[in-house]
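> Quick one, structure for this:
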Amino acid sequence: MPETQHFELAAPLQQDSYFVADWPLCQLRVINDQQYPWFLLIPRRPGLKELIDLTPADYLQYHQESWQLAAWLRQCFRPDKLNIAALGNMVPQLHIHHIARFKHDKAWPAPVWGVAKMQPYQPAAIQQYLGQWRQSLPAWPS
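Alright, predicted model coming up:
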């Protein structure tokens, strides 16, 4: 796999999310909005804007990680729907949203963007969730 040493996380992604884990290709982060279980997969490769910018091997690895995250979201949160999208209109660095959606959430059935002001996690709550999530996430062979 190509080197990840020159990977830098875009400032808006850093500001709006918490680090959860590093998987073989992607950094897994959670958006700081307690209204939705909203996670990001960010391939740790410099200069990526689109999924097509990944090498064929990285593209396959991304899909394995996305599948694992989606399966975990379904098992952990039991959503009515999973929304998975790579937009990048505001932040061009490649990042793929994985959002567990519920018929009772504030945005349903519309997309989550711009519907309600973000409601950040309380510091103690996010630390507890991060610990629980890290223990229950799929483990990757080293």
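> Quick check: pLDDT value at the residue nearest the centre of the chain.
Taking C-alpha atoms, centre = their mean, the centroid of the chain lies closest to L40, which sits 1.3 Å from it. Note for L40: predicted pLDDT of 98.
> helix, strand or coil for it?
The three-state assignment at L40 reads strand, by DSSP: H, G, I helix; E, B strand; the rest coil.
> Could you list everything it pairs with in the sheet?
Legend: beta-bridge partners of L40 under DSSP bridges are R29, H97.
> ok, it touching H98?
Yes: contact criterion C-beta atoms under 8 Å: L40 and H98 qualify, at 7.2 Å. Backbone N, C-alpha and C define where each C-beta goes, glycine included.
> Now do the closest residue to A107 other than its chain neighbours against Q35, distance only.
Leaving out its chain neighbours, the residue that sits closest to A107 by C-beta to C-beta, 6 or more residues apart in numbering is V115, at 3.9 Å. For V115, the distance to Q35 (C-beta to C-beta, to the nearest Å) stands at 9 Å.
> Then A10?
Distance from A10 to Q35, by C-beta to C-beta: 22 Å.
> Kindly report the same for D105.
Relative to Q35, D105 is positioned 7 Å away (C-beta to C-beta).
> Now the common contact residues for the two.
Shared contacts of D105 and Q35 (C-beta atoms under 8 Å, 6 or more residues apart in numbering): V112.
> So which of the two has more stuff around it?
Shown here are D105 and Q35; by other C-beta atoms under 10 Å, D105 has more neighbours (20 against 16).
> Then the more buried one would be within a helix, right?
No: membership of D105 in a helix is not supported by three-state DSSP, which gives coil.
> Would you list the phi and psi of it?
Main-chain dihedrals, D105, degrees, to the nearest 10: phi -80, psi 160.
> do the same with F19
Here F19 shows phi and psi, under degrees, to the nearest 10, equal to phi -70, psi 130.
> For it, which residues are in contact?
27-29.
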